[in-house]
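Enquirer: Turn this into a model:
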Amino acid sequence: EVQLVESGGGLVQAGGSLRLSCTTSEFASGDYAVGWFRQAPGKEREGLSCFDSSDGTPYYADSVKGRFTISSDNAKNTVYLQMNNLKPEDTGVYYCAADGPRGDSRYYCVYGMGYWGKGTLVTVSS
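Expert: Numbers count the residues shown, from 1 in each chain. Below is the predicted model:
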């Protein structure tokens, strides 16, 4: 079973940056899909960015497009989410997730993934 552990959350002022990391127990032996999701207080979980290696193009939700970047270091079994120009509405628990490839990066951000980390809290103050 795939295990995912997020880190890098914390408190940051609006306009600041954070980089979240997600270390996986197994990664990148063939095609894969990874994603970052957020659950803000009182809101439903939102798929922020997903990448399916069999698609090759990352998907970004409109709310984070141009500010967040998903990347991976296969040698370190780690996926990153670089978050710039953070806003108070970015506050929430951020989850890393993974699944097998489907050839569509957007699919998993819309429908969710099979393996989840426990989340890391990001708080953006105004």
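
Enquirer: and residue 93, what are its bridge partners?
Expert: Beta bridges link residue 93 to residue 39, residue 121, judged by DSSP bridges.

Enquirer: Check which helices and strands the host helix or strand of residue 36 sits against.
Expert: Using DSSP states H and E, residue 36 sits within strand 33-39. For strand 33-39, the contact count by 3 or more C-beta pairs under 8 Å, 6 or more residues apart in numbering; DSSP states H and E identifies strand 18-24, strand 46-52, strand 68-73, strand 78-83, strand 92-99, helix 105-111 as packing neighbours. Backbone N, C-alpha and C define where each C-beta goes, glycine included.

Enquirer: and the fifth one, what does it pack onto?
Expert: Pointing back at strand 92-99 there. strand 4-7, strand 18-24, strand 33-39, strand 115-116, strand 120-125.

Enquirer: Can you tell me the centre-most residue of the protein?
Expert: The centre of the chain sits closest to residue 36, judged by C-alpha atoms, centre = their mean, with a distance of 1.8 Å.

Enquirer: Contact partners for that one?
Expert: Residues near residue 36 by C-beta atoms under 8 Å, 6 or more residues apart in numbering: 20, 22, 47-50, 68, 70, 79, 81, 94-97.

Enquirer: Apply 6 Å and report the result again.
Expert: If you count contacts by C-beta atoms under 6 Å, 6 or more residues apart in numbering, residue 36 has them with 48-49, 81.

Enquirer: Could you do residue 8 as well?
Expert: So residue 8 contacts 19-21 (C-beta under 6 Å, 6+ apart).

Enquirer: For burial, what's the neighbour tally of the nearest residue to it once chain neighbours are set aside?
Expert: Computed as C-beta to C-beta, 6 or more residues apart in numbering, the closest residue to residue 8 that is not its neighbour in sequence is residue 20, at 4.2 Å. Applying other C-beta atoms under 10 Å, we find 22 other residues in the vicinity of residue 20.
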